[in-house]
Every structure is written in structure tokens, then in C-alpha cells.
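# Kindly return the folded structure for what I paste below:
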Amino acid sequence: MTMPKFSVIIPLYNKEEFVKGSINSVLNQSFSDFELIIINDASTDASFQKAQEITDSRIQIIEHSKNKGLPASRNTGIKMAKADYIAFLDADDLWKPTYLEKILVLISAYPEASLFATKYEVLLSNSKVIEHDFKEIKFDNHGIITNFFESNLNQSIFYPSCLCVEKKVFNEIGLYNESINYSEDVDFNIRSQAVYKFAYFNEALVTYLRNSQNQITQNGLVGKTIPDYDFYEKKFNKRSDIKKYLDFQRYTKAKQCKLSGEKERYNKLVSKINFNNLTSKQVFLLKSPSVVLQIITKFKLFLLKSGIEVNSY
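The predicted structure follows:
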């Protein structure tokens, strides 16, 4: 049996409303040489049954006997993958029909790269679509992102569903960290982007579903394990670009902690930030009373429901 060009991994947990759309967006790709691995992470709704209703010889469904979390689901798929290139799609996101075709263009055009991604669009719960024009991207069509960390200081230029990784990367730097249950993609990005070349297609080929009710929350980081930013700061102590990126990540998490009243965790995160690495607006928001952040958060939610996405970073 010939090895497929791509292994596509869909982690699945309680996405009964969306999973069929996600699966079909893969099956409808213009480039069809792939296998699709779906990992059902002990869903408690009808997600598994919905996935089973779609029949295609390229689909393989793997079941976890108990819920293990998103990183573990991705890792299960990676271990099962036969192809040299592994692409990820969340079970509530969609690929445009030419996503894999354009990733293949990147692979051919930039043999020095091992990480590949495309731009995305945001689909709001009211069916409005938001497109981004990232000023950090200096090319119109496709190219190499010379510094991922500098390009992601305000808003991420890609989401996990945009990413394709050469399999050797996982063999060399390890899989997703299963001890992290929040921002696990940030942890992997730090480890991988510090080492490997990153090719990018500046076209929105992924639709990211943003539920305005769920995306802006005041739950903070209660019960959540985030990446060990201190570890990476020590590991890359000569990389000022990584330090600045880590401080931005600390800033975003500290704001969440302030909103939820997690003072100890807030203080720990803020104590490690070099404020010269933040903008004046970011410093203002970080030092503002929680009531100010709450007002801003509620206003962002109002705008988001109206189809307007505001970056308050």
C-alpha cells in the first residue's frame, strides 16, 4: 500500500454539531492523497456516531477509553500517522478545498522548511466572516516567516487548524506536552519555531469558528496548566525575540487571572515580565483595576456579536 502524502488528524470531543462539516471539508480537498485519522476522546454526546456516519476508505477512527485531553488526542494521531507530513484540524473548524493543495505548494517551494501554515478567516456565531490583513506578513502570496515570535506579538497569524508539520519534527523535539491543558499549541510553537523554518501561505484557507458566547470568558486559568514560560526563558536566554514573545504570553494570561481574581497567579506572571517588551496600551490594561478589564471585555463581546472583532492586546 502506497504511503499517503498527508496524514490529517482531527481530535474529537463533544462536537456533534460541527464534526460532519469538518470531516467533509477534508474529504472535499482538491488534493486527495491523504489519510484522515479521527481520535474520539471519549465524547459524551453524539460526536462519535456522527463521525461514523461518513464512510470513506481514507478515514480511520480511533477511540480513547477515557477522556485524555487535546494534546493526548493529537499525540495518538501522530503516533498512528503514516505520512511524512501531518496536518491538524479541530472538529469545529473547516478547510477550504485547496488547503492541502496550497500546503503542497509550500512544501515544494521551500524544501528547507518543516513547518507550514496558511492564513485563516473567522466565522462568528451570527454567520459573519472576519478576514485579517496581518501587517507582519511582508509578502502577498507565500514565503518564509523569518521570525515567528516577532510576527505573533499581537494576534496569531495562524491557528492549530492551519498547521502542517513534517513528521520528523515530532521525532526530534517530541510530541505535544500532555501535562498542559491550556495553550498547549503555544508550548509546541515555542519548541518548534525556535528550531525549524516556517513557510506560510498568505491566503485564508481555514475557517476558524469563534463562538462569541464562549471565546471571551472571565473564568481565568482556574484548574488549568499553562506552558512553563520560565523554563523557555532560561533555555533561550540569548533570544530577546523569544523573551518578548514569552512576556506577551504572560501578559495575556495575567489579564485572565485579574478578571477571575487569581491574585497569586497574576502576581507570579507579572513579576517575570519586562515591561519594556509591552506596548503602553498593554501596560495600562495590565495595571488597570479588574472592573476596567471587565468593562472592556463586555464591550468586546458586544462588538463581536455585531460582527466586529477588536484586538485589545
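# contacts and neighbour counts: CA atoms only from here.
OK.
# after the helix or strand hosting Leu259, next one along is what?
Element membership for Leu259, per DSSP states H and E: helix 240-260. Next along the chain after helix 240-260, taking DSSP H and E as the criterion, comes helix 263-271.
# Could you point out the helix or strand that follows that next one?
Next element after helix 263-271 (DSSP H and E): helix 280-287.
# May I have that following helix as CSV, with CA atoms only?
This file holds the C-alpha atoms of helix 280-287, laid out as CSV (Å, rounded to 0.1, in the frame of the first residue of the first chain):
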residue,chain,number,x,y,z
SER,A,280,1.9,51.3,26.5
LYS,A,281,-1.7,50.1,26.0
GLN,A,282,-0.8,46.6,27.3
VAL,A,283,0.9,48.1,30.4
PHE,A,284,-2.2,50.2,31.0
LEU,A,285,-4.6,47.2,30.7
LEU,A,286,-2.4,45.0,32.9
LYS,A,287,-2.3,47.6,35.6
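# In it, which residues are buried?
Buried residues in helix 280-287, counted by 16 or more other Cα atoms under 10 Å: Gln282, Leu285, Leu286.
# From the contact counts, what lies against the helix or strand encompassing Pro71?
Taking DSSP H and E as the criterion, Pro71 maps to helix 70-80. Packing contacts for helix 70-80, counted by 3 or more Cα pairs under 8 Å, 6 or more residues apart in numbering; DSSP states H and E, involve strand 6-12, strand 34-40.
# Please save the CA atoms from the very next helix or strand once past the first one in CSV.
Which is strand 6-12. Per DSSP H and E, strand 6-12 leads on to helix 19-27 as the next helix or strand towards the C-terminus. Written as CSV, here are the backbone C-alpha positions of helix 19-27 (Å, rounded to 0.1, in the frame of the first residue of the first chain):
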residue,chain,number,x,y,z
VAL,A,19,-17.8,17.4,13.2
LYS,A,20,-19.5,16.3,9.9
GLY,A,21,-18.7,19.7,8.4
SER,A,22,-15.1,19.4,9.4
ILE,A,23,-14.7,15.9,8.1
ASN,A,24,-16.4,16.8,4.8
SER,A,25,-14.1,19.8,4.4
VAL,A,26,-11.2,17.3,4.4
LEU,A,27,-12.8,14.8,2.1
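# neighbouring contacts of helix 19-27?
Outside helix 19-27, the residues that touch it by Cα atoms under 8 Å, 6 or more residues apart in numbering are 12, 36, 47, 50-51, 54, 89-97.
# And stretch 51-68, by the same measure?
By Cα under 8 Å, 6+ apart, stretch 51-68 touches 19-20, 23, 34-43.
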